[in-house]
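[1] Provide a 3D model corresponding to the input given below.
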Amino acid sequence: MKVVPSLLLSVLLAQVWLVPGLAPSPQSPEAPAPQNQTSGVVQAPREEEEDEEAASEKASEEEKAWLIASGQQLAKETSNFGFSLLRKISMRHDGNMVFSPFGVSLAMAGLMLGATGLTKAQIKTGLHLQALNTTKPGLLPSLFKGLRETLSHNLELGLTQGSFAFIHKDFDVKELFLNLSKRYFDTECVLMNFHNASQAKRLMNHYINKETRGKIPKLFDEIYPETKSILVDYILFKGNATMLVVLMEKMGDHLTLEDYLTTDLVETWLRNMKTRNMEVFFPKFKLDQKYEMHELLKQMGIRRIFSPWADLSELSATGRNLQVSRVLQRTVIEVDERGTEAVAGTLSEIIAYSMPPVIKVNRPFHFMIYEETSGMLLFLGRVVNPTLL
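    Residues are numbered from 1 along each chain as shown. You can find the predicted model right below:
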């Protein structure tokens with residue numbers, strides 16, 4: 001069903017610090033670049049040039065088709081990652097919940113630019129991205145960049161997305177990492193003095209408060225002086241999006257449903273739906289949730305990056321002595337009266353079931369908010385008692 005949320009917001013931070021008790025490892029010398037040698041220039045015949053141009057155009061079209069298919073696969077696997085993460089959160093929280101699978105994947109993909117070896121492989125597997133054929137360097141971040149552009153072109157969403165790299169003033173970050181972060185994830189680098197923790201906290205909260213338009217005035221409660229870098233991703237959607245609401249017939253069945261949620265199941269629901277006019281009473285609600293994602297990600301196999309054995313050597317020359325200390329996501333969703341009005345009168349119904357002429361959403365329900373063009377699952381949540389909202 002269509003809703004007009006007044007706010008869809010996700011902010012995720014990853015904090016990087018030196019592993020206690022370890023000294024920075026010396027930077028290995030770089031091998032000299034090979035000298036290019038040319039013995040002459042040979043003019044190719046005109047016919048061969050035309051053949052090469054045609055072959056190049058064909059290869060370009062094939063690459064474009066591959067990127068589209070891979071983007072769709074990325075959206076599907078991110079959704080499955082979201083459903084797996086939902087089950088992990090549900091084991092700890094039986095109340096209201098909301099988080100952004102896309103936001104977590106986007107931020108962790110940004111960290112992958114600085115990781116290598118087993119550290120990088122675990123992130124890729126944990127995000128369910130191992131099925132994507134992305135053996136060439138740069139292809140995976142290119143897919144995320146393409147997805148960000150697709151979302152930006154959807155003017156109804158009113159997308160605001162970006163990231164900050166808050167970096168300690170004396171921390172040596174590789175220029176290549178900063179350049180790639182800017183190219184693929186639009187990351188803005190800001191130098192900080194984390195030794196002055198209170199001032200750093202105040203400045204970073206100011207940046208986030210400004211970018212989230214005052215919706216998250218205080219993201220940081222405490223800052224460790226040992227911190228070397230904090231990466232923050234924020235996503236703000238303000239406009240029309242597609243919300244799929246799953247309302248079970250019996251009160252307790254909403255928890256059982258979570259064990260079976262997959263992308264294939266949701267796609268089956270969508271294929272078998274039809275539109276009919278009916279009266280719908282949907283609650284106005286606002287959820288504001290914060291999760292320590294690093295503990296949940298460890299349960300999904302992403303462990304090494306949070307340990308002293310993390311390899312972040314693509315981020316810094318001291319990368320083998322760095323680890324990510326925590327990953328925090330805060331998500332806010334607000335559906336106001338306009339959203340309720342947009343829902344009233346229209347409902348997508350599964351054909352296999354007969355629906356009453358009046359639907360009252362007065363028992364626990366799940367909701368999935370996604371972008372139709374890409375199929376990307378933006379937000380996933382659960383409302384336990386809508387009558388109290």
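
[2] any low-confidence regions in the protein?
    1-15, 17-60, 63, 133-137, 239, 241, 319, 336-357, 387-389 (pLDDT under 70).

[3] can you give me the strands for it?
    Along the chain, counting by DSSP state E, strands occupy 2-3, 7-18, 97-99, 160-168, 187-192, 227-237, 241-247, 273-281, 285-292, 322-335, 345-350, 358-360, 365-370, 377-383.

[4] could you dump those to a markdown table with distance to L106 and mean neighbour count?
    For every residue, glycine as well, the C-beta is placed using N, CA and C. Formatted as a markdown table, those follow (distance: least, C-beta to C-beta, whole Å; neighbours: other C-beta atoms under 10 Å):
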| stretch | distance to L106 | mean neighbour count |
| --- | --- | --- |
| strand 2-3 | 23 | 17 |
| strand 7-18 | 8 | 24 |
| strand 97-99 | 13 | 23 |
| strand 160-168 | 8 | 21 |
| strand 187-192 | 11 | 17 |
| strand 227-237 | 6 | 24 |
| strand 241-247 | 17 | 19 |
| strand 273-281 | 29 | 12 |
| strand 285-292 | 16 | 17 |
| strand 322-335 | 11 | 22 |
| strand 345-350 | 28 | 14 |
| strand 358-360 | 34 | 13 |
| strand 365-370 | 15 | 22 |
| strand 377-383 | 11 | 24 |
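
[5] Dump those to a markdown table, plus distance to W309.
    Formatted as a markdown table, these follow (distance: least, C-beta to C-beta, whole Å):
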| stretch | distance to W309 |
| --- | --- |
| strand 2-3 | 45 |
| strand 7-18 | 14 |
| strand 97-99 | 28 |
| strand 160-168 | 22 |
| strand 187-192 | 26 |
| strand 227-237 | 17 |
| strand 241-247 | 40 |
| strand 273-281 | 48 |
| strand 285-292 | 21 |
| strand 322-335 | 8 |
| strand 345-350 | 48 |
| strand 358-360 | 53 |
| strand 365-370 | 36 |
| strand 377-383 | 31 |
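
[6] shouldn't G162 be in contact with L231?
    No. Between G162 and L231 there is no contact under C-beta atoms under 8 Å: 11.6 Å.

[7] Touching both of those two, which residues are there?
    Applying C-beta atoms under 8 Å, 6 or more residues apart in numbering, one finds that G162 and L231 are jointly contacted by T187.

[8] residues touching K201, list them.
    F220, D221, E222, I223.

[9] And the strands of the chain: which comes nearest L265?
    strand 241-247 (10.1 Å; C-beta to C-beta).

[10] for the closest one, packing partners?
    Applying 3 or more C-beta pairs under 8 Å, 6 or more residues apart in numbering; DSSP states H and E, we find strand 241-247 packed against strand 2-3, helix 263-271, strand 365-370.

[11] And that strand, how far out from the chain middle?
    Taking the mean of its C-alpha atoms, strand 241-247 sits 19 Å from the chain's own mean (C-alpha atoms, centre = their mean, to the nearest Å).
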